[in-house]
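Novice: kindly return the folded structure for what I paste below:
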Amino acid sequence: MPVNLTAHAIPAIVAGDVNSKPLLQVLEIKLISNSKQQERYRLLLSDAVSSQHAMLATQLNDRVTTGHVKKGSIVQLIEYICSPIQNRKIVVVLNMETIIPECEIIGNPISFVESDLPSQGGSLSNTMQNLSKSSYYQLPPQNTSYNVENFQLPPKNASSYVQNSRPTVQTAYKPPPVYKGQGAILRNEAPSRVIPISALNPYQGRWAIKARVTAKGDLRRYNNARGDGKVFSFDLLDSEGGEIRVTCFNAVVDRFYDAIEVGRVYLISKGSLKPAQKNFNHLKNDWEILLESTSTVELFPEEDGSIPKQQFSFKPINDIENVDNNSILDVIGVVTSVNPSVPILRKNGMETQKRILNLKDWTGRSVELTLWGEFCNKEGKNLQEMVDAGLFPILAVKAGKVNDFSGKSIGTISATQFFINPDFPEARSLREWFDRVGKDSASLSISKDIIPGGSKNDVRKTLSQIKDEGLGRSDKPDWITVRAAVSFIKTDSFCYTACPLKIGERQCNKKVTKSGNSRWQCDRCNQEFDECDYRFLLQAQILDHTGIAWVTAFQETGEEIMGFSAKELYLLKHEQEDDEKFIGIIKSRLFNEFVLRLKIKEELYGDEQRLKITVAKADKVDYSSECKYVLDLISKFGRQ
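Specialist: Predicted coordinates:
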């Protein structure tokens with residue numbers, strides 16, 4: 001089958017033409033490493049007459065490692081630049097496609113020398129015409145074909161080897177005319193050439209982007225092996241929908257933190273690009289901008305209507321059922337209920353606030369949204385007041401984090417933004433649906449335990465099902481939710497005295513005893529102290545309409561069930577010796593109903609396997625929510 005490479009492509013690329021998409025052949029591939037030991041591949045590319053060295057962008061390394069690009073491959077350059085490196089021109093390939101994976105070497109190419117170029121510059125067509133007139137550079141006829149033996153193109157359904165290896169990169173960008181900015185420059189003079197965010201790559205020289213700040217992170221301080229420091233970041237959106245995160249460290253923070261305002265438009269230049277940290281960066285961009293001491297940030301005093309205020313990619317609530325855990329997404333819904341804010345003790349010992357609300361949309365599904373920290377006091381309080389007043393606001397959530405601990409729910413992170421009753425088409429459409437039919441229609445919660453096709457830890461169970469379904473007997477524990485009442489509480493060992501000292505960042509919590517001098521002593525820490533901690537180790541029997549089960553509740557869940565701290569009950573029983581009051585409290589907790597989150601796992605005690613059931617969370621039954629839950633079940637089975 002004849003294969004035609006793009007004639008004159010090598011000299012045209014070296015002459016500066018990077019707007020065409022030439023068809024070339026790979027003659028050689030060599031693995032090299034830089035001073036940072038980062039693997040790079042150097043290619044020798046040929047147009048059948050001339051050859052030229054090229055560097056493969058690191059994001060394309062997998063093309064070589066997976067065998068999509070090899071010696072003899074016919075490739076088409078999609079995006080590339082030609083840069084002078086150590087007094088010679090090197091082509092940097094940013095994006096390409098494999099057209100033919102394997103092919104015999106075409107022609108007799110020789111290494112191209114830049115001095116062979118004619119003095120005139122110009123486009124690819126001009127370069128071709130000038131080169132055709134050169135006595136040194138003799139080209140074959142334009143219609144020359146090179147036969148490739150024993151080669152067959154893959155069938156259409158086998159073309160995925162090309163498609164699957166393509167990164168999401170735009171085609172080569174041709175910069176617009178020179179841009180003249182206005183406004184006070186924070187430092188130096190901003191570059192004059194403005195390009196879209198989507199055209200940024202680390203192989204460019206001078207560039208500038210004009211974009212709106214859509215989010216600004218808090219100023220954070222850190223300590224690592226290099227010492228103390230501070231950092232903050234902000235997100236940008238331009239008129240073409242491109243987004244990118246900008247990060248500042250230490251002295252650069254002092255220059256730009258107060259100058260950056262959410263919603264304002266800036267011209268930013270002279271920063272460096274680095275790979276985006278996807279664990280912390282939810283934007284759809286492979287790069288981040290790092291501002292440096294020479295970077296410039298220019299504020300535009302006039303509003304630019306071509307740049308949107310914010311960009312959303314809303315996910316319908318029913319689609320969230322299939323989204324991976326820890327994914328970041330946008331969602332919009334009607335707020336149907338808001339729970340009061342409650343204090344939560346974090347693992348690091350710091351206290352924060354937590355508030356849960358429910359969103360529903362036109363898909364017939366609802367989802368729990370968990371607000372953390374300041375979201376509870378600002379937007380959360382506002383939303384609760386609106387719902388209590390009989391209003392059901394529309395809430396658009398930007399950058400919520402998916403959690404699949406008990407069904408699917410969404411939680412706020414530092415980058416999350418709330419928009420209450422926003423004025424855009426999706427919100428207006430949702431409001432019209434809710435006022436017309438949605439207000440009176442039942443919805444199925446994806447945050448509860450009735451997700452179709454869910455695993456054991458996604459469904460609500462009865463106590464009898466623990467035995468009937470053999471829960472807890474596999475390698476991993478089973479997590480279930482039950483509605484049950486506490487029918488009996490052991491009072492002889494409901495708590496224990498614990499060591500308050502810390503081992504690293506965690507509290508010891510080892511059981512302590514009193515020494516001869518009436519001080520508490522910890523055998524693990526080998527220390528004595530005046531005061532100890534009191535921690536619940538509650539053994540209780542629970543029951544529902546199908547059976548009974550013994551469970552263990554530790555500190556937080558013990559407090560949720562008892563309504564008192566372990567210390568208060570310990571002092572009442574063992575030091576004040578007020579048995580009547582103590583027994584009265586115990587009796588008052590019996591037959592109270594809870595929605596219990598249980599962890600079930602079979603463990604070995606001596607030579608006997610026993611089922612251990614631990615209460616991970618205990619919530620008082622909200623009968624309004626339970627009614628909605630039952631209606632959801634009826635609605636579900638009615639559709640079946």
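Novice: quick one, what contacts Pro393?
Specialist: Shown in contact with Pro393 (Cβ atoms under 8 Å, 6 or more residues apart in numbering): 334-335, 383, 386-387, 420-421. Yep, even glycine has a C-beta here, placed from its N, CA and C like the rest.
Novice: oh, that last question was meant for Leu611, not what I typed.
Specialist: 466, 472-473, 600-603.
Novice: quick one on the thing from earlier: any of the contacts of Pro393 buried? List them.
Specialist: 334-335, 383, 386-387 (16 or more other Cβ atoms under 10 Å).
Novice: so which of those residues sit within helices?
Specialist: The members of those that map onto helices under DSSP state H are 383, 386-387.
Novice: now render the buried ones among the contacts of Pro393 as JSON lines, adding pLDDT and distance to Leu60.
Specialist: Listed next are those as JSON lines, based on pLDDT from 0 to 100; distance: Cβ to Cβ, whole Å:
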{"residue": "Val334", "pLDDT": "96", "distance to Leu60": "45"}
{"residue": "Val335", "pLDDT": "95", "distance to Leu60": "46"}
{"residue": "Leu383", "pLDDT": "94", "distance to Leu60": "47"}
{"residue": "Met386", "pLDDT": "92", "distance to Leu60": "51"}
{"residue": "Val387", "pLDDT": "90", "distance to Leu60": "51"}
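Novice: now, among those, which is nearest to Leu45?
Specialist: Among the buried ones among the contacts of Pro393, Val334 lies closest to Leu45 (Cβ to Cβ), at 57.0 Å.
Novice: wait, what's in contact with the closest one?
Specialist: Contacts of Val334 by Cβ under 8 Å, 6+ apart are 359-361, 392-395, 430-431, 434, 438.
Novice: mind giving me the PyMOL select for the contacts of Leu611, buried ones only?
Specialist: Here is the PyMOL command that selects the buried residues among the contacts of Leu611 (16+ other Cβ under 10 Å):
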select buried, resi 466+472+600+601
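Novice: tell me which two of the contacts of Leu611 sit farthest apart.
Specialist: Greatest spacing in the contacts of Leu611, by Cβ to Cβ: Ile466 and Glu603 (14.8 Å).
Novice: beyond the strand or helix carrying Gln76, next helix or strand please.
Specialist: Gln76 belongs to strand 74-85 when elements are defined using DSSP states H and E. Downstream of strand 74-85, the first helix or strand assigned by DSSP H and E is strand 88-100.
Novice: give the buried residues for that next one.
Specialist: 89-100.
Novice: likewise for stretch 100-117?
Specialist: Neighbour counts using 16+ other Cβ under 10 Å place 100-101, 103, 106-107, 109, 112, 117 of stretch 100-117 among the buried residues.
Novice: farthest-apart pair in those residues, please.
Specialist: Distance extremes for the buried residues of stretch 100-117: the farthest pair is Pro101 and Leu117 at 32.1 Å, using Cβ to Cβ.
Novice: in this structure, where is pLDDT below threshold?
Specialist: 1-2, 33-38, 84-87, 114-192, 347-349, 406, 448-459, 504-505, 635-640 (pLDDT under 70).
Novice: contact partners for the closest residue to Tyr203 other than its chain neighbours?
Specialist: Distances taken as Cβ to Cβ, 6 or more residues apart in numbering place Val92 nearest to Tyr203, at 5.0 Å, with adjacent residues excluded. Neighbouring residues of Val92 by Cβ under 8 Å, 6+ apart: 54-55, 57, 80-83, 203.
Novice: and what of Gly472?
Specialist: 466, 478, 600-602, 611-613.
Novice: just Thr491 next, same as before
Specialist: Thr491 sits in contact with 573, 582-583, 586, where contact means Cβ under 8 Å, 6+ apart.
Novice: from Gly558, how far out is it?
Specialist: With distances taken as Cβ to Cβ, to the nearest Å, Thr491 is found 13 Å from Gly558.
Novice: what do you get for Pro275?
Specialist: Separation of Pro275 from Gly558 (Cβ to Cβ) stands at 46 Å.
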